[in-house]
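Visitor: Quick one, structure for this:
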Amino acid sequence: MRTVSLSTAMTLSDLSESTFRRRIRRGEIRLLPLPGPGGREGIAIDPDAAYMNAAIAIDHWELVKAADRGDATAQTELALILQQHRKFRAAVYWLRLAAKRNDSHALHWLARCHLEGKGVARNEDKGIMLLARSALLGNVISAHQLAALRHGFVQHYSTQASTEPRMDGTRRPAFPPGA
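Guide: Predicted coordinates:
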């Protein structure tokens, strides 16, 4: 039987967390012991359960298991699959877990979620901060995007500086980009 942790099951569900937990209390969703030490409980992946996106879990079972165990690469990959299925909140959940482990790809995709407002409230400042962390950890795409932002910033302020009046009424000279 395929079982996953409660938190993983919730991300594969179309239910809110409160509805999911209410159905557990009512006995509509059964908790099962997870294999291994720790005595944790989980949920069986039931292909017939109306509340479960079982197709995602079954089609990508090995990836789901690895993500559930804490593999940051698997968490990022699962997030991208969830994004393809337009499950943005669930994707953000997995990206945040992987980002906590400093996965540069997860940070890149989480930055995009914040910049585009997918799965989270749009927050450009946080998106740029995450993009910078991703670039610092070696993500080439994030590094190029950050360089483009810097280039636009320098160009904007170099042209703005040449046209701003000074206190004495004269105009200050433009400074060259990169100065």
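
Visitor: going forward, measure contacts between C-alpha atoms and count neighbours the same way
Guide: Fine.

Visitor: measure the closest residue to S13 other than its chain neighbours to S104 for me?
Guide: Counting by CA to CA, 6 or more residues apart in numbering, the nearest residue to S13 once its immediate chain neighbours are dropped is M52, at 4.4 Å. For M52, the distance to S104 equals 30 Å [CA to CA, to the nearest Å].

Visitor: So the two - more neighbours on which side?
Guide: Comparing M52 with S104 by neighbour count (other CA atoms under 10 Å), the higher total belongs to S104, at 26 against 19.

Visitor: which residues touch G117?
Guide: Residues in contact with G117, defined by CA atoms under 8 Å, 6 or more residues apart in numbering, are N123.

Visitor: how close does it sit to A132?
Guide: If you measure G117 against A132 using CA to CA, the figure is 18 Å.

Visitor: One more: L149?
Guide: The span separating L149 from A132 equals 11 Å under the rule CA to CA.

Visitor: So for the two, which residue has more residues nearby?
Guide: Counting neighbours by other CA under 10 Å for L149 and for A132 shows that A132 has the greater number, 22 against 13.

Visitor: In a strand, that one, correct?
Guide: No - with DSSP: H, G, I helix; E, B strand; the rest coil as the criterion, A132 is located in helix rather than a strand.

Visitor: hang on, it packs against I141?
Guide: No - the criterion here is CA atoms under 8 Å, and A132 misses it with I141 at 10.8 Å.
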